[in-house]
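S.K.: below is the sequence, then the predicted model.
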Amino acid sequence: MLINITQDICVSKHSNAHNDQWICYSPASGSELRKRPVWQRTSGLMSTSAMHSWLRTQYPETNTASVFGKIANV
């Protein structure tokens, strides 16, 4: 299930017995013409702390990392 962080960024959570891992998605090109956007992966599978750090470096001008932190309880 995709969790919207912003209009242009979503994450999905993948849990296993030991930890949670996350994947980040952004809208695919051309999806702005569709009623529902098509999402494409922008990151690989990352731990919660790695995803938080990655979002902070990739999207420093937005509060993306802090929103993710609230979702992931970081």
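M.R.: Alright, I've got the coordinates.

S.K.: so where's this structure shaky on pLDDT?
M.R.: 31-32 (pLDDT under 70).

S.K.: which parts of stretch 51-69 are buried?
M.R.: Buried residues in stretch 51-69, counted by 16 or more other Cβ atoms under 10 Å: M51, H52, W54, L55, Y59, T64, A65, V67, F68, G69. Any C-beta I mention is one placed from the backbone N, CA and C, and that applies to glycine too.

S.K.: equivalent analysis for stretch 18-35, please.
M.R.: For stretch 18-35, the neighbour count (16+ other Cβ under 10 Å) marks Q21, W22, I23, C24, Y25, S26, P27 as buried.

S.K.: what is the end-to-end distance of stretch 58-70?
M.R.: One end of stretch 58-70 sits 18 Å from the other (Cα to Cα, to the nearest Å).

S.K.: contact partners of it?
M.R.: Residues outside stretch 58-70 that contact it (Cβ atoms under 8 Å, 6 or more residues apart in numbering) are I5, T6, I9, V11, M51, H52, S53, L55, R56, V74.

S.K.: which residue packs closest to the last one, ignoring adjacent ones?
M.R.: Pointing back at V74 there. Excluding the flanking residues, the one nearest V74 by Cβ to Cβ, 6 or more residues apart in numbering is H52, at 5.2 Å.
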